[in-house]
Structures are given as C-alpha cells and as structure tokens.
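*Asks:* predicted structure and sequence below. I'll ask about it afterward.
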Amino acid sequence: MTTPFLRWAGGKNWLTTYLKQLIKNLNYNNYHEPFVGGGAIFFSLDPQHNGHNTFLYDMNTELIVAYQTLQNKPLKVIHKLQKYKNSADEYYSIREKESKGSITQTARFIYLNQTSYNGLYRVNKSGKYNVPYGYRKNVIFNEENLLSASRALQGTHIFNGDFTESLRYIGENDLIFLDPPYTVSHNQNGFIEYNKNLFSLNDQYRLNDYINEIKNRRAFYILTNAAHKTIRDIFRKEEDRLIIVERNSLIGGKNAKRTKIQEYLFTNIPEGV
Ligand SMILES: C[S@@+](CC[C@H](N)C(=O)[O-])C[C@H]1O[C@@H](n2cnc3c(N)ncnc32)[C@H](O)[C@@H]1O
C-alpha cells in the first residue's frame, strides 16, 4: 500500500481504516475522488488496481500536474529531485524560480511541500508560493514511495478543475468520495469561523446540489465535513446516514494537549453493506 507522498491540509490518513470497513462489502463500479488533495484515501484503497476505473480531480493545478507527471515520468521527476539540497538557500532559490516544464514543476512542488515550514500550499495575491523554509531534518523525498505512488496512478484519469467536472463521468453504482475544504470551524474561543476564500458556504450548497444529482444517477457518495450545525442543516438527508467520526488532534501552543475532534460523515451506503 502506498502512503501519501505529500503533506496536505485536511489529509485523511486517520480515516482510511474506518472507510475500508464502511465499503468492505459494497459492490461498486467506478471510483471518483473530486477533492483528491494528498490522496490519502485513494492511495489506501488503490481502486484502479482493485478493479475500479478511477477518476481523480482537484482545483489545484500544480497538484494535478504533479500527479500526471508522476504517472507518466516518475524516473525523470526522481532524477530532478536528487539534485536538490535541503537547505534554506536552496529552498528560497527554488521557491523564487518560475519553473518551466512539467518535470521541473513537479520536482519543485514536491520539494517545497517537503521542506517548507508546514507543507501547506499557500500563495500570495499574485499566485506565488509564499511559505517559509521549514528547517526539517528529514529527507526531501522517498524514491520507493514515489515509484509506488506512480504505480497506483497507472491507468487512472486525472483532471484539473471544479468538483462538478466529475458529473461528466459519473454513472450508476459508482462510488464518489468527497472531502471538500472545510468552510466552518470553531476557533480557540469557540467562535465560528468561515473560510470565505477557499470554499465558501455557497460552494457547500453547490456541493449539496451535486450530491442530489449523483443520487439521482444511483451512485454512492461518502462526504466528510466539519461537525457543525450549519453543515448538518445543508447536507442532512432523512434517507441517508450521518455518522460521527473522531480523530485525535493536538491543540494549543506551549501546553498543547491531545484531544478528540469530531467530524461528520454523510453517506447513502446502506447500513450492513
Ligand atoms: C481537504 S482537501 C482533501 C484532502 C485529501 N482527502 C487528503 O487526504 O489529502 C480538499 C481539496 O479540495 C481542493 N479544492 C478546493 N476547492 C475545490 C473545488 N471547487 N473543486 C475541486 N477541488 C477543490 C483543494 O485543492 C484540496 O486539495
């Protein structure tokens, strides 16, 4: 099994065991992941090689170029990465460069993701990656891991665009795993914060329309989202299941403590399947 090769905000490594159990006996056709991000779920299920034609999508163009390039030219990407050093000077010089060509672009993307401060993908107003150097001691990349990711990607269809693009390909009995960016969350004072720029409340409503459409097509969906009343009001459907899942989290600065965070999982996969 491949482990994700990118650090990704909202990564779902913690959910993989539960999810496998949830779909264990589900008879489904094609697999779609419209918010693939770092691909924790995709890599853990390895659907393409378990008999399901697989479709991956994301809005982030650099991420999609990286998947496509790794699918087709993994050795060239690895060769490029071998030339990069993990140092502040090298980091800022690579960060400043406009990379041309998909191989250099992919190597740069992986390099910055692994050596930056928190691995978050953040760009400034003019679209430039602006995360500082991370002073992380670990290696820049793991060759075996990249080759294994490349194998998992063989035969998959990879698209850059809005999640609704997937409607072109979704049919009866397909399985769609949806992990959108969270729009609402509680901050440390317990106030609700809305993430206006990345994925607005309006996008959550669009996502609900999309779910209604894929249900009309008799496809299966699994949606993860923040455990929040606003989210429940948008997505709760009488005939489907709302499951509360829990993950461990570390919060607070100096006196950080372990705590459990709840998230919602909505699905039309019947109980007992
Ligand atoms: C929470 S992350 C997915 C994390 C992923 N499940 C993982 O384990 O790494 C959400 C992803 O949605 C993407 N995204 C944001 N808006 C989108 C949109 N309108 N359509 C498709 N993807 C979008 C982001 O680029 C990001 O990669």
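*Replies:* In hand now; what should we look at?
*Asks:* list the contacts of residue 159.
*Replies:* By C-beta atoms under 8 Å, 6 or more residues apart in numbering, the residues touching residue 159 are 55, 56, 57, 64, 165, 166. (C-beta placed from N, C-alpha, C; glycine too.)
*Asks:* of those residues, just the buried ones, PyMOL syntax please.
*Replies:* In PyMOL syntax, the buried subset of the contacts of residue 159 is picked out as below (16 or more other C-beta atoms under 10 Å):
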select buried, resi 55+56+57+64+166
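*Asks:* run a quick neighbour tally on residue 170.
*Replies:* If you count neighbours by other C-beta atoms under 10 Å, residue 170 ends up with 20.
*Asks:* can you tell me how far it sits from residue 156?
*Replies:* 15 Å (C-beta to C-beta, to the nearest Å).
*Asks:* residue 220 too?
*Replies:* 19 Å.
*Asks:* tell me where the protein is predicted with low confidence.
*Replies:* Residue ranges of the chain with pLDDT under 70: 186-197, 251-255.
*Asks:* mind giving me the domain split of it?
*Replies:* Here the domain parsing of the chain from automatic domain parsing is 13-59+161-267, 60-154.
*Asks:* now the ones you listed as TSV including distance to residue 3?
*Replies:* Listed next are those as TSV, based on distance: least, C-beta to C-beta, whole Å:
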stretch	distance to residue 3
domain 13-59+161-267	7
domain 60-154	6
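*Asks:* got the contact list for residue 39?
*Replies:* 4, 6, 8, 33, 56, 67, 149.
*Asks:* residue 43 is in contact with the first one, correct?
*Replies:* Translated: residue 4. Yes: taking contacts as C-beta atoms under 8 Å, residue 4 lies within contact range of residue 43: 5.7 Å.
*Asks:* which one's more surrounded, the two?
*Replies:* residue 43 (22 against 19).
*Asks:* that one against residue 6, yeah?
*Replies:* No: if you go by C-beta under 8 Å, residue 43 and residue 6 don't touch, sitting 10.3 Å apart.
*Asks:* what about the strands in the stretch 151-273 of the chain?
*Replies:* Under the criterion DSSP state E, counting those that start in this stretch, strands of the stretch 151-273 of the chain are mapped to 157-160, 175-178, 184-186, 192-194, 220-226, 241-251, 257-267.
*Asks:* which residue, other than its chain neighbours, is closest to the residue most central in space within the chain?
*Replies:* Closest to where the C-alpha atoms of the chain average out (C-alpha atoms, centre = their mean) is residue 37, at 2.4 Å. Excluding the flanking residues, the one nearest residue 37 by C-beta to C-beta, 6 or more residues apart in numbering is residue 8, at 4.7 Å.
*Asks:* same deal with residue 122?
*Replies:* Nearest to residue 122 is residue 131, by C-beta to C-beta, 6+ apart, at 5.3 Å.
*Asks:* remind me which helix or strand the one you found belongs to.
*Replies:* Assigned by DSSP states H and E, residue 131 belongs to no helix or strand.
*Asks:* got the residues of the protein near the ligand?
*Replies:* 8, 10-12, 34-35, 37-41, 57-60, 162-163, 179-181, 199 (C-beta under 6 Å from any ligand atom).
*Asks:* are any of those buried, and if so which?
*Replies:* With burial judged by 16+ other C-beta under 10 Å, the buried subset of the residues of the chain next to the ligand is 8, 11-12, 34-35, 37-41, 57-60, 163, 179-181, 199.
*Asks:* so where do the strands sit in the stretch 1-150 of the chain?
*Replies:* Under DSSP E, counting those that start in this stretch, the stretch 1-150 of the chain gives strands at 31-33, 54-58.
*Asks:* reformat those as TSV; add distance to residue 126.
*Replies:* As requested, the strands of the stretch 1-150 of the chain are exported to TSV (distance: least, C-beta to C-beta, whole Å):
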stretch	distance to residue 126
strand 31-33	30
strand 54-58	21
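*Asks:* between the ones you listed, which one is closest to residue 213.
*Replies:* strand 31-33 (12.8 Å; C-beta to C-beta).
*Asks:* give me the contacts around that closest one.
*Replies:* Taking C-beta under 8 Å, 6+ apart as the rule, strand 31-33 contacts 39, 41-42, 45, 47-48, 52-57, 166, 169-170, 174-177, 179.
*Asks:* this completes my enquiry, with thanks.
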